[in-house]
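Asker: Show me how the following folds:
(chains A and B, ligands or ions: 4)
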Amino acid sequence: MTATLPTASSTAGTSAPTRVCALADLTPELGVAALVDGEQVAIFLLADGSLHCVQNLDPFSGASVLSRGITGSKGDVPTIASPIYKQVFSLLDGTCLVTMDKQPKEGRAADLVVHRVSLDNGDVFIDLAGSA
Amino acid sequence: MTTEHIVVVGGGMVAHRFTEALRARDAEGRYSVEVIAEEPRAPYDRVALTSYFTGRAPEDLQLGDPALWHDPLVTLHRDSRATGVDRDRRIVTVEGGREVAYDHLVLATGSYAWTPPTPGADLPGVFVYRTLDDVAALRGYVEERRATLGRPVRGAVIGGGLLGLEAAGALQGLGAHSTVIQFNDRLMNLQVDAGGGEALKRLIEGMGVAVRCNTATKEIRAGKDGHVGSMAFADGAEQLVDVVVFATGVRPRDELGAAAGLEMGPRGGVVVDDTCLTGDPAVSAIGEVACIQGACIGLIAPGNTMAEIAVDRLLGGESTFPGADTATKLKLLGVDVASFGDAFATTPGALEMVYADPVNGVYKKLVLTDDATTLLGGVLVGDASAYASLRPMVGAQLPGDPAAWILPEGSVEKGEIELPDEAGVCSCNNVSAGSIRGAVNDHECHDLGAVKACTKAGTSCGSCLPLVKKIMATELEKSGIEVSNALCEHFALSRAQLFNAIKVAEVTTFTEVIERFGAGRGCDICKPTVGSILASLYNEHVLAGDRAALQDTNDRVMANMQKDGTYSVVPRVPGGEILPEHLILIGQIAQDFGLYTKITGGQRIDMFGARLEQLPQIWKRLVDAGMESGHAYGKSLRTVKSCVGSTWCRYGVQDSVGLAIALELRYRGLRSPHKLKLGVSGCARECAEARGKDVGVIATDKGWNVYVGGNGGFTPVHAQLLVEDVPDEDVFRVIDRYLMYYIRTADRLQRTAPWQQEHEGGLDEIRRIVVDDSLGLGEELDAHMARHIDSYEDEWKAVLNDPVRLRQFASFVNAPEEPDPTLAYVPQRGQRRPATPEERASAPVLIAPTTLEVRS
Ligand code: SRM
Ligand SMILES: Cc1cc2nc3c(=O)[nH]c(=O)nc-3n(C[C@H](O)[C@H](O)[C@H](O)COP(=O)(O)OP(=O)(O)OC[C@H]3O[C@@H](n4cnc5c(N)ncnc54)[C@H](O)[C@@H]3O)c2cc1C
Ligand code: SF4
Ligand code: FES
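Answerer: Ligands and ions are numbered 1, 2, ... in the order given. The predicted structure is shown next:
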C-alpha cells in the first residue's frame, strides 16, 4: 500500500481526490482513520456495501476519534456514534442527531463535514473539495 | 416576618420526619427547629435495627440526607435529655439546667421497652431491644460470653411478638442458640390467628429457634459467676440460659407531658386531637408518645403521618389523622409473615378463606365480605409474596376468583388488580397509588429511582417496591410512553429477554441476532449489549467474527479511551499481589513510551497516554513477561480487592489474598451487564472495603461471610449478607450462581445493587434461587460458569498472535505508524498530561507526542 503522507502546504478545496487505501483494507461496519492532505478523516464501509467519509474530529470532545465509534442506524439514516460522549451523527449529511444534552467545544459546529468517497478499480478515494 | 422557634423533644424516627417535612415545606423559613435528643446520634432507622446484626454499620441506619442537620434553621442537640416543660413560660429544661424557649413544642419522645417485674431482671446478661446502644451492648455481651465460656451462648427471648421474633433471629445471627418464651398460646398473637400461629411456629422451629408457648417466666437466676445462668418458669420447669432479651412490649415515654399537666390516655400517652395538638395549643405530640383516637400506636407509618399533619397545621393546612393502618410484615430472615386489615374477621358476616400446606409451612387466609368479593384483611405465613398487592386492596373488590391469591402460583388465574387512586401503596411513607401515578404523569418520573425520589415510596422497609414498580409500568404504558423495557429502537426486547432468546435460538453473530429479533442496523446501545451477551454465552474472543464492530471503542481496542483519544493500559494484578519484576517492567514500559502512571483505586497500576498504534507493542512486552489483560475496559470482572489477611496481619483470621486471587482468576474475562468488582477482607475490620463491592467476602473464625449487591459510584450501597460462615467451596459455588443469575437477568448497564433491589422478592428471593436452588437452576448456572472458566484465554495474547486483528491498531489506514498530529501535552509533576485548549494556544509549552521515542 502506498501511503499518502500529509503535505504541509495543501489547502482543502484545491486538491484532487486522494487514494487512501484498497476497498479490501476495510472491514464492514468498522471505521478507519486516514490522513488526507494533513487532515484527518474517518471512513466507513457499512454492511450494505455503502462507503461514507466524515471528519475524524469529534466536535464535542475535540479529540480525533470518530473512526473508532460505533456505526448504526436511526430510522433509515446510517449513523456513527462518538466513542467519547456518545453523540450520534448522520453519515449521510453529518447532522448531529443526538447531542446528549451537550454543546460542542467552543468554536466548533455540532454537525460534521462530510467528504465525497469514490471507488475506482478497488481503490478508495477521498475528495476533500467536494462534500458528498 | 419573624421566625418562630419550634422545639422538638426526642430525636427518633418521627422527630426526623417532622424536621425533614418542615424544612421541605416551609420555604419561607417561618420556623426554626431545635431538636433535643437523648440518644448520642442523629435519628436513625429503628425499624431496621436488626440489620445491625447482619453487618450494617450504625451510619448506614442514618435516616435521610444528613445535610438536614446542617440546615441553618435546624439545630440538633444529641446526648441531651429534656427534664421538664414549663408551659406557662414556654420553656423546656434540659439536663444540666439549660433552658430552651419555644413558640411551639413538639413532643416526640416515643416509647421505652417495658419489662414485666421479674426477679433477676437486673442481672448482667439481661437486655431490652429498642436502641442502637441496646443492640450494640447485646452483641458485645454475646461475643464476650462466647469467648469466656468457650461454647455457643444460650439465649432466650421473652415475648413472642414481632419484636421477640426479630430478637431471636438476631441472637441466632450472633451464633447463639435461642428460645422464644411466649406467654400467649401462639406466636404473634396480635397479628395472626391460631392457624397462622401454628404454621409460624413450625417455620421458626425449622430455623433452629426453640419455641415455648403458654409459658410464664417466674425468675431469672444468676449462675456461679453472678451473670445470668438460668430461668425458672411458672410451671416449675427450668432452663439454662446465658443471655435474656425482653421483648414484652413498649410503653409511651409520657413523663414530660404528665409532669406538665397535659391530659394522659387511659393506658398512658399524651392525648392529642386529630390534628396532633394537646389541650395546650402551643404543644403537639406525635409518634408513639401520642395517644391519638384513644390509643398509642407502636408503628412508624402512623407516626410519620402525625409528623406530616403537625407540619401541615403549623403551615396553616387543614389535614387530620385518618386512622392507622396496622398492617405488618415480619422482616425476619427467611420467614414470611404478614397480616393486614381485619385479620381476625371481626366484621359481622365476614368470610374466611384459608389455604394451608402444613408440610411446607404455608398458611394463607383472606378475610372477605359475606358476598366473598371485597377484601377485608388477611394473614399470610410462609409465603407473603401477595402482601404488597393485597394490602392496598383492603376495602376494595378483588377481581376474579379471590382464591387465586392464596392458592399456589398458577393453580387459578389471578385477576388484574387496578388499584383505586386513594389506595395506600407505601404505608411507611403514606404514599397512595394516585401519588405514584401523579409522579409518573405530571412529574415525568419514568424509572423507579425517580419515582422513589419524588414520592418517597419504597424508601423505608422496601416491601412495597414491587407494587410501586408495577403501577409505574402500567402508567407509562397507558400514556404511550415506551416502558423502557425495550433495549433501543432496534430491539423491542429487554436485555434479559434478548439474552434468553439468543441462548435458546443458539445464534452466534450480530447479523443473525438482529435479523431474527430486531430491525435496522443496530446502534451504540444494542451492539455492545449483544456483544456482551454473546461473550457471556459463548466466551469467544471479543474481536472474533463480526464482533469487533459491536464493541464500544474500549472493548474494540482492549484499552480505555481517554479524553484526547489516547488510551490507558491496565494489566491484571490479581488480588493486588504483584511481583517486583512486574513492577519494574511496568515502570520500564512507562519510561520507554512516556506514559503517565498512577495507582488506581482498584489496587493496580494504570499507564495513560498510549496511542492506538502503540498498544500492541506495549502489550507484547507485558504478555511476554506473563502479565495479562486487566479488562479495565470491559463490562466484566474488574478487580478483586484484598487486604493483606492472615499471612501477615496480626488480626487476620483467613488468607484473604489467597481467596482474592482465586476469585479473580476464576471470574477474569467474565462479560456481564455492567462491570463487576469483588473484595475480600481477612477479618471483620474490613480493610478491603468488601461491602462496597458487587460481591464482598469477609473472613470469620468459622469460614467466610459472603455479601452481595454493594456499589460505589453515584448511589453507594453496602452489600447485604447472602450466606454466613461458609467454607471455600461454598464461597465459589454461591458466587458462581449469584453472578451467572445476575448476568442472565439484569438490564443493560444495571449493576448488582439496583438489580438486587428491583428483583421480585429482593435478596430473599435471590437467596432462595442461588442458595436453596428453588428454581432448580443451580446445575445449569454451575455448568455455565464452568464453561467460562475452562474457555478463558487472555484477550491480548490472542490478538498479538493474529495479524488480521493487529491491523486494527493502525493509527491511519494510509499511514499506520503516524501519530495523531493533534495530540499535545504539557509536563506536570515530572510526568506529562494532555494540554488544555488555552495551553494549546500558547504553543511553546507543547511536548509533541513523537518526541517520546520508542526504544525497541
Ligand atoms: C482508573 C480508575 C481511577 C483511578 O485512577 O483510581 C477509574 C477510572 C475510571 N472509572 Fe472508575 N475507576 C477506578 C476505580 C473505581 C472505583 C473504586 C474501586 O473499584 O474500588 C469505583 C467505585 C466502586 C464501584 O464501581 O462500585 C469506580 C466507579 C466508577 C463508576 C460508577 C459506577 C456506578 O456503578 O455508578 C464509573 C461509571 C460507569 O462505569 O458507568 C466509572 C468509570 C470509570 C472510567 C471507565 C470512566 C471512563 O469511561 O472513562 C474511568 C476509566 C479510566 C481508565 O482509562 O482506566 N468508575 N471506579 C480506577 C480503576 C480501578 C482499576 O484498577 O480497574
Ligand atoms: C427492633 C424494632 C423493630 C421495629 N420494626 C418495626 C416495623 O417493622 N414496622 C413498624 O411500623 N414499626 C417498627 N418498629 C417501631 C418503630 O421503630 C417505632 O414506631 C418508631 O421508631 C417510633 O418513632 P418515634 O419517633 O415515635 O419514637 P422513637 O423512635 O422511639 O424516638 C423517640 C426518641 O426520643 C428520645 N427521648 C425520649 N425521651 C426524651 C427526652 N426526655 N429528652 C430527649 N430525648 C428523649 C428517645 O431516646 C428516642 O431516641 C420497630 C421497633 C423496634 C425497636
Ligand atoms: S481486614 Fe483484618 S486481616 Fe485484613 S488487613 Fe485489616 S485487620 Fe488485617
Ligand atoms: S411500605 Fe415500607 S417503604 Fe413502602
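Asker: Could you find the closest non-adjacent residue to the residue of the stretch 151-300 of chain B at minimum distance from ligand 2?
Answerer: Closest approach between the stretch 151-300 of chain B and ligand 2, counting by C-beta to the nearest ligand atom: B:Gly287, at 2.4 Å. No exception for glycine: its C-beta is placed from N, CA and C like everyone else's. Closest residue to B:Gly287 apart from its sequence neighbours, by C-beta to C-beta, 6 or more residues apart in numbering or on different chains: B:Val14 at 3.2 Å.
Asker: before we move on, the earlier item: can you tell me how far the residue of the stretch 151-300 of chain B closest to ligand 2 is from B:Asp254?
Answerer: Using C-beta to C-beta, to the nearest Å, B:Gly287 is found at 11 Å from B:Asp254.
Asker: so what pLDDT did A:Ala132 get?
Answerer: The model reports A:Ala132 with a pLDDT of 52.
Asker: Enumerate every residue touching the residue of the stretch 151-300 of chain B closest to ligand 2.
Answerer: Neighbour list for B:Gly287: B:Gly10, B:Gly12, B:Met13, B:Val14, B:Ala15, B:Ala108, B:Thr109, B:Gly110, B:Gly303, B:Met306, B:Ala307 [criterion: C-beta atoms under 8 Å, 6 or more residues apart in numbering or on different chains].
Asker: three-state assignment of the fourth one?
Answerer: What that stands for is B:Val14. Under DSSP: H, G, I helix; E, B strand; the rest coil, B:Val14 falls in the helix class.
Asker: ok, it - contacts?
Answerer: Residues near B:Val14 by C-beta under 8 Å, 6+ apart: B:Ala108, B:Gly110, B:Ile286, B:Gly287, B:Glu288, B:Ile300, B:Gly303, B:Asn304, B:Met306, B:Ala307.
Asker: One more pass at 6 Å, please.
Answerer: B:Ala108, B:Ile286, B:Gly287, B:Gly303, B:Ala307 (C-beta atoms under 6 Å, 6 or more residues apart in numbering or on different chains).
Asker: Of the residues you listed, which belong to helices?
Answerer: B:Gly303, B:Ala307 (DSSP state H).
Asker: and B:Ala798, what is it in contact with?
Answerer: Taking C-beta under 6 Å, 6+ apart as the test, what B:Ala798 contacts is B:His541.
Asker: Check it and give its pLDDT.
Answerer: So B:Ala798 comes in at 91 (pLDDT).
Asker: ok, so what distance separates it from B:Arg253?
Answerer: 69 Å.
Asker: ditto for B:Leu314
Answerer: In terms of C-beta to C-beta, B:Leu314 sits 23 Å off from B:Arg253.
Asker: now do B:Thr715
Answerer: 36 Å.
Asker: returning to that earlier point: and the contacts of B:Gly287 as JSON lines, adding pLDDT and distance to ligand 3?
Answerer: Shown next, in JSON lines, are the contacts of B:Gly287 (pLDDT from 0 to 100; distance: C-beta to the nearest ligand atom, whole Å):
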{"residue": "B:Gly10", "pLDDT": "96", "distance to ligand 3": "38"}
{"residue": "B:Gly12", "pLDDT": "96", "distance to ligand 3": "34"}
{"residue": "B:Met13", "pLDDT": "96", "distance to ligand 3": "33"}
{"residue": "B:Val14", "pLDDT": "97", "distance to ligand 3": "38"}
{"residue": "B:Ala15", "pLDDT": "97", "distance to ligand 3": "36"}
{"residue": "B:Ala108", "pLDDT": "98", "distance to ligand 3": "40"}
{"residue": "B:Thr109", "pLDDT": "97", "distance to ligand 3": "40"}
{"residue": "B:Gly110", "pLDDT": "97", "distance to ligand 3": "37"}
{"residue": "B:Gly303", "pLDDT": "94", "distance to ligand 3": "39"}
{"residue": "B:Met306", "pLDDT": "94", "distance to ligand 3": "44"}
{"residue": "B:Ala307", "pLDDT": "95", "distance to ligand 3": "41"}
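Asker: Also near ligand 1: which of the residues you listed, exactly?
Answerer: When C-beta under 6 Å from any ligand atom is applied, no member of the contacts of B:Gly287 is adjacent to ligand 1.
Asker: so which of those comes closest to B:Leu68?
Answerer: B:Ala15 (11.3 Å; C-beta to C-beta).
Asker: is it fair to say B:Lys218 lies in a strand?
Answerer: Yes - B:Lys218 forms part of a strand when assessed by three-state DSSP.
Asker: Mind pulling the model confidence for residue 125?
Answerer: Just going to use chain A. 95.
Asker: right idea, wrong chain: chain B
Answerer: According to the model, B:Gly125 scores 95 on pLDDT.
Asker: got it, and the one 10 residues further on?
Answerer: pLDDT, the model's per-residue confidence, is 93 for B:Val135.
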